[in-house]
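> quick check, what structure comes out for this input:
(2 chains, ligands or ions: 2)
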Amino acid sequence: MKTNLFQYVPGNSVIHRMNPVTKILLTIVICVAAFLSGNLFYLAGLLVVDLLIGIIAGVAGKTWTIFKGLLKIAIFLFVLQILLVRNGTPVLWIITDEGLLTAARVVIRLVVVCMPLALVLAVTRVTDLTNSLVQVLHVPYQYAFTLSTAIRFVPQFLEEMAGIMEAQTARGVAFDKARGLKKFSMILPLCAPLLISSVRRTDQTAAAAEVRGFRLRTRTSGYKKYPFTAVDLGAVLFCALLLAGAILLK
Amino acid sequence: MIQAEHVSFSYSDQGPTVQDVSFHIEKGDFVAILGANGAGKTTTVRLIDGLIRPTQGKVLIHGADTATSPVSERARRVGFLFQNPDRQICKNTVREEILFGLKTVRGDESEEALNARCEEVLKDFGFSGDEEPFSLSRGQRQRVALASILAVEPEVLILDEPTTGLDYLECCHIMDRIRRMNREQQVTVVMVCHDMEVVLDYAQRALVMAGGKLLADGPVREIFRDAELMEKASILPPQMIGLSLRLGEGFEQADTPDAMAEAVLARRGEGGKRHEN
Ligand SMILES: Nc1ncnc2c1ncn2[C@@H]1O[C@H](COP(=O)(O)OP(=O)(O)OP(=O)(O)O)[C@@H](O)[C@H]1O
Ligand SMILES: [Mg+2]
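Residues are numbered from 1 along each chain as shown, chains lettered A, B, ... in the order given. Ligands and ions are numbered 1, 2, ... in the order given. You can find the predicted model right below:
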């Protein structure tokens, strides 16, 4: 199912064992590097790095699905760019060399940046992510909790949406026959139950957290520790390498 | 009327959730699907209505394969009550909610006829019609969902845990209403239910599921008397059945309080006679 796309996949790979903070650092470094360098070869290299990370983490299938999904958006953007960029010398019809170059850059950057963001969630438990933010980076627990709830909310929201559409189809609303815009216009009136169930869940989550002593929690409350190991050192070195490469191959 | 032929279904590649299930349900049947949590009951009823398509085998309703016709076109004839009533409710008042269901599938009828039907159902369920569904309690919302399905008067009713969360009296009301539709209008009922007392009181036939497989299919009473089967399916049969089984000879038919009283009285009569001799 599509809703599982961002869900955690258990594993024991090098990537899984990395400190969650290191994973976030790696993600940020890849994003920064992608915008520092405009070199197409370097950007393509980053793409390979993305895919390799996915393969090493043992989530090759998922990486590929994410990649394919992004590719669809990328192709759309690419076409838009080459039609809109007007400077440079024309190559074919209204397409210019400058246009092609810009489009390629934009598109590869998009894919390069989005992939690790999705992959981090696939290889890190959301609780580990927030706990390490709290323990290592001293982020207030409330904020970390908000972040984790938001992340968890997305698949739940999609699932709820699918459930509501199913229930309405069973009542005779012709979702199964509509396509595109028509379908969208049919979904809108159903947003009432979706919103209400979401708000209700938020309330319940808050109440549940409250009863379980949410406010009593401090930075030292978690029993699981997040030490940095040799793997993390390697990852940090790799980050430095990426950044250096980005600056050298501007 | 409903035929499932070697139906299998899996949500992912980690093995099937429903495995090689076959059964026939005739018009006017009142069937309960029993099984522990996660046995695949909800999945099975979703397969029946074609909300999900079998990975193997097929489901026919009135001889038509459910995989090849849209679910929404079946809604006039097949009513489906979901385990979670909130997914179904989408209007601001109970009246609008019931009318919405009526208009989607019976749009060809006159406005007056539909309004009249709506008022009839509102009265039957004891709603004024102006309540806001989302400020009602869970049990009340369950009744709103059920009311809007029954209003349509489908030929087949598929009910996923219709009585869960209802108080005892309301549970009886709703089940009586469903039984009336079943007896008077020959409505076919397929019901998933965890309350074995309700199953014993209302259903004629039971399908027992465990781990996605169909373990047994037969009359409710016979099913409940099969201790080995109950154990396998992790079902605790109604207390009366347990009692009648323990008492053994002479009490085989005593599976309701009335029948039990009769049997006990009959025994006492015999005992009394023996005493005199
Ligand atoms: N949408 C889904 N995606 C993936 N797996 C699912 C989905 N829905 C159900 N399952 C799995 O299929 C199995 C059977 O689920 P199902 O809902 O049919 O059980 P059930 O018999 O209705 O249980 P309950 O009595 O709790 O309602 C469960 O193990 C569940 O984890
Ligand atoms: Mg269920």
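> how about the residues of chain A by chain B?
Counting by C-beta under 8 Å from any C-beta of the partner chain, the residues of chain A close to chain B are A:1, A:160, A:163-164, A:166-177, A:189-190, A:192-193, A:196-197. (C-beta placed from N, C-alpha, C; glycine too.)
> show me how to select, in ChimeraX, the buried members of these.
To isolate the buried members of the residues of chain A next to chain B in ChimeraX, using 16 or more other C-beta atoms under 10 Å in any protein chain shown:
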select /A:160,163,164,166,167,168,169,170,171,172,173,174,175,176,190,192,193,196,197
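> taking the residues of chain A next to chain B one by one, which sit in helices?
The helices, defined by DSSP state H, take in A:160, A:163-164, A:166-170, A:192-193, A:196-197 from the residues of chain A next to chain B.
> helix or strand: which one has the nearest residue to B:Thr256 once chain neighbours are set aside?
Once flanking residues are discounted, B:Thr256 sits nearest to B:Met240: 6.2 Å by C-beta to C-beta, 6 or more residues apart in numbering or on different chains. According to DSSP states H and E, B:Met240 maps onto helix B:239-247.
> could I get the CA-only coordinates of that helix as PDB?
Below are the C-alpha coordinates for helix B:239-247, written out as PDB (Å, rounded to 0.1, in the frame of the first residue of the first chain):
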ATOM      1  CA  GLN B 239     -23.200 -19.800  28.500                       C
ATOM      2  CA  MET B 240     -26.500 -21.600  27.900                       C
ATOM      3  CA  ILE B 241     -24.800 -23.900  25.300                       C
ATOM      4  CA  GLY B 242     -22.000 -24.600  27.800                       C
ATOM      5  CA  LEU B 243     -24.600 -25.500  30.400                       C
ATOM      6  CA  SER B 244     -26.600 -27.700  28.200                       C
ATOM      7  CA  LEU B 245     -23.500 -29.500  27.000                       C
ATOM      8  CA  ARG B 246     -22.500 -30.100  30.600                       C
ATOM      9  CA  LEU B 247     -25.900 -31.400  31.600                       C
END
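> quick one: contacts of whatever helix or strand comes next after that helix?
Next in sequence after helix B:239-247, counting helices and strands by DSSP H and E, comes helix B:257-276. The contact list for helix B:257-276, computed with C-beta atoms under 8 Å, 6 or more residues apart in numbering or on different chains, reads B:240, B:243-244, B:247, B:250-251, B:253-254.
> specify the angle between helix B:257-276 and helix B:239-247 in degrees.
Orientation of helix B:257-276 against helix B:239-247 (axes from the mean of the first three to the mean of the last three C-alpha atoms, to 10 degrees) gives an angle of 30 degrees.
> related to what we said a few turns ago, wait, the residue nearest to B:Thr256 touches B:Phe251, no?
No - using C-beta atoms under 8 Å, B:Met240 is not in contact with B:Phe251, being 10.0 Å away.
> how about the closest residue to A:Val107 other than its chain neighbours, what does it touch?
Among residues not flanking A:Val107 along the chain, A:Ala74 sits closest, at 4.4 Å (C-beta to C-beta, 6+ apart). By C-beta under 8 Å, 6+ apart, A:Ala74 lies in contact with A:107, A:110-111.
> tell me how far A:Ala74 lies from A:Ile53.
Distance, A:Ala74 to A:Ile53, using C-beta to C-beta, to the nearest Å: 19 Å.
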